[in-house]
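Participant: All I have is the shape, not the residue letters:
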Ligand SMILES: [Zn+2]
């Protein structure tokens, strides 16, 4: 029988005790990155030892042509999950209701006021700060949310240690849309349809697409209330939905990479500047 030296006992006892402990910090691939799925002890092990960065998706319910009304929720949700793996960070629960504007008459389209989104986002950011996160990356899926989210971020960064980045995924990727589709994008156009195709092809109803008559270009000089089409083009004749799955997957993979690059770059610059 092999004798146990004191050193062996010191080494082996913690590993025996730890056999039932879920030590996330020691794992390279965690079972989950969602704050909703972690218990408080796991959060304590993760933050700040393993990461001080959290992703916060924000969306709304709004008509989107032949893709789901929840497109602006599904896209930042999925971006968060994919970016979390690339950046080795955690994901906060999504804020699902945002600020809607000209499509409110379309069935199943509704949101909340600007002030309510701002207050909600501010409360969530403050909660994430109190939970030990230093960097809050807001992944916005819907244009009119941008103002209230930045208003909230400005309030929170001034009187906490939090550093906050708010990104509109479609605004930082027009060159990728141009490269993959050869045109600009649109609301529920090629870019958003591609994102949903890459994530949930079962929710994209190409059979309901009737062609350019279902779309209207966003024009300068007039604004219609309600806007007459849920597919809105950034430029006339450009950005219509495209249903090529291979292009969609290639497009969305590059969007994920771009979003991660921006996040990493801003965090590095915050660190370098000692902010
Ligand atoms: Zn959208």
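Facilitator: Perfect, thanks for sending it. As the structure is a prediction and not an experimental result, all values here were calculated from the model. Numbers count the residues shown, from 1 in each chain.

Participant: Quick check: residues of the stretch 101-250 of the chain near the ion?
Facilitator: By the rule Cβ under 5 Å from the ion, the part of the stretch 101-250 of the chain lying against the ion is residue 192. The way it works is simple: take the backbone N, C-alpha and C, and place the C-beta from them, glycine included.

Participant: where are the low-confidence patches of the stretch 101-250 of the chain?
Facilitator: The stretch 101-250 of the chain contains no residues with pLDDT under 70.

Participant: The residue minimising distance to the centre of the chain: what's its closest spatial neighbour, skipping adjacent residues?
Facilitator: Most central in the chain under Cα atoms, centre = their mean is residue 76, positioned 2.9 Å from the mean C-alpha point. Spatial nearest neighbour of residue 76, chain neighbours left out: residue 57 (3.5 Å); criterion: Cβ to Cβ, 6 or more residues apart in numbering.

Participant: Tell me where this protein has strands.
Facilitator: 53-58, 90-91, 135-140, 163-168, 186-187, 215-217, 231-233 (DSSP state E).

Participant: could I get these as JSON lines with mean neighbour count?
Facilitator: Listed next are the strands of the chain as JSON lines, based on neighbours: other Cβ atoms under 10 Å:
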{"stretch": "strand 53-58", "mean neighbour count": "26"}
{"stretch": "strand 90-91", "mean neighbour count": "24"}
{"stretch": "strand 135-140", "mean neighbour count": "26"}
{"stretch": "strand 163-168", "mean neighbour count": "20"}
{"stretch": "strand 186-187", "mean neighbour count": "28"}
{"stretch": "strand 215-217", "mean neighbour count": "19"}
{"stretch": "strand 231-233", "mean neighbour count": "24"}
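
Participant: now for these, which one comes closest to residue 266?
Facilitator: With Cβ to Cβ as the measure, strand 163-168 is the member of those nearest residue 266 (5.1 Å).

Participant: For the ion, give me its nearest residue in the chain.
Facilitator: Among all residues of the chain, residue 72 sits closest to the ion, at 4.2 Å; criterion: Cβ to the ion.

Participant: How many residues are close by that residue?
Facilitator: Neighbourhood size, residue 72 [other Cβ atoms under 10 Å]: 31.

Participant: Equivalent analysis for residue 83, please.
Facilitator: With other Cβ under 10 Å as criterion, residue 83 counts 24.

Participant: Spit out the contact partners of the residue nearest to it when sequence neighbours are not counted.
Facilitator: Nearest residue to residue 83, sequence neighbours excluded (Cβ to Cβ, 6+ apart): residue 260, at 5.1 Å. Residues in contact with residue 260, defined by Cβ atoms under 8 Å, 6 or more residues apart in numbering, are 83, 86, 87.
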